[in-house]
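Novice: below are the sequence and a predicted model for it; my questions follow.
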Amino acid sequence: MTGRRRALSRGAAARITYHDGAHRFRSYWSRRARGNRELAPKRRVTGGSFRDTLPGMKGTAWSLAAVALAGMAGWTLAEYVIHRWLGHVFVGTRNPFTLEHRKHHATTSYFSPWWKKAIAALGALAVATSVASAVAGPMHGFAFAAGLVAMYVAYEVVHRRAHTHGPRGWYSRWVRHHHFTHHFQTPKKNHGVTSPLWDWVFGTLEPSATVRVPARHAMPWLIDPATGAVWAELAGEYLLQLRGEGPPAG
């Protein structure tokens, strides 16, 4: 009995020693792990949910939209400068724009070929992107250039339709009246096509109650084919001037 008790005691002691050792082992490494975490440098979390990144994305989108709008406004100034100075002031330089513009004034139905306009648009895009990127960075630079070129395309559409299609609202009515005052009465005035802003800024805005249109330059939408006269609803704004007639009295 004594020997058996001794064996049991030794077995119990061994189990106690084993469990105690395992507990101490786990406690030791647990303390080490906690210590390492506490001493480790804090790392910046670069991930996150879509909701966390949304405010930054909204800010970038708003800034890109604002820069694109600035590019569109920039085209309205470029439109005025090119038209006024290259088309009507420095005409002795015989630059490509001057030559094309003279043809357009001589024959109002003439427009430069599309490939010339495409070359001009690509050149403007390259220059605008380079300059704007150097100032504001590539992303915002491209946004500015995209706004500028988009407004240039809009200008081309507005200008061509002014010659080929009648007005369909207050803006298109203003565009035609303003532009054809420039064509047929005051070529040194009203250089803006899409906006009167820069004519107003530079003092070249010239309002006109009635536009005198030479019959040989009359736009197709202006004349009523049944009568050969100006459409009744446009008669208060346009007056057809036949060949050999002087300017109307007053």
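Specialist: Right, received. Where do you want to start?

Novice: can you classify the residue nearest to Lys117 when sequence neighbours are not counted as helix, strand or coil?
Specialist: Of all residues not flanking Lys117 in the chain, Glu156 sits nearest, at 6.5 Å (Cβ to Cβ, 6 or more residues apart in numbering). Every residue, glycine included, has its C-beta placed from N, CA and C. Three-state assignment for Glu156 (DSSP: H, G, I helix; E, B strand; the rest coil): helix.

Novice: quick check, pLDDT for Glu156.
Specialist: Per-residue pLDDT puts Glu156 at 95.

Novice: do the same with Arg212
Specialist: Note on Arg212: pLDDT of 95.

Novice: repeat for Met219
Specialist: At Met219, the pLDDT recorded in the model is 95.

Novice: look up how far His140 lies from the residue nearest to it when sequence neighbours are not counted.
Specialist: In space, and not counting its chain neighbours, Met219 is closest to His163: 5.8 Å by Cβ to Cβ, 6+ apart. Distance of His163 to His140, computed by Cβ to Cβ, to the nearest Å: 36 Å.

Novice: now do Glu156
Specialist: Look at Glu156 and His140: by Cβ to Cβ, they are 25 Å apart.

Novice: now Gly74
Specialist: Relative to His140, Gly74 is positioned 13 Å away (Cβ to Cβ).

Novice: higher neighbour count, these two?
Specialist: The neighbour count for Gly74 versus His140, taken as other Cβ atoms under 10 Å, is higher for His140 (20 against 17).

Novice: now do the SS call for the most centrally placed residue in the chain.
Specialist: Taking Cα atoms, centre = their mean, the centroid of the chain lies closest to Gly147, which sits 1.5 Å from it. Assigned with three-state DSSP, Gly147 falls in the helix class.

Novice: my read: it touches Gly71, true?
Specialist: Yes - Gly147 is in contact with Gly71 according to Cβ atoms under 8 Å; the separation is 2.8 Å.

Novice: next up, the contacts around the closest residue to Val81 other than its chain neighbours.
Specialist: Of all residues not flanking Val81 in the chain, Trp198 sits nearest, at 8.0 Å (Cβ to Cβ, 6+ apart). By Cβ atoms under 8 Å, 6 or more residues apart in numbering, Trp198 lies in contact with Thr76, Leu77, Tyr80, Val81, His191, Gly192.

Novice: so among the residues you listed, which ones count as buried?
Specialist: Thr76, Tyr80, His191, Gly192 (16 or more other Cβ atoms under 10 Å).
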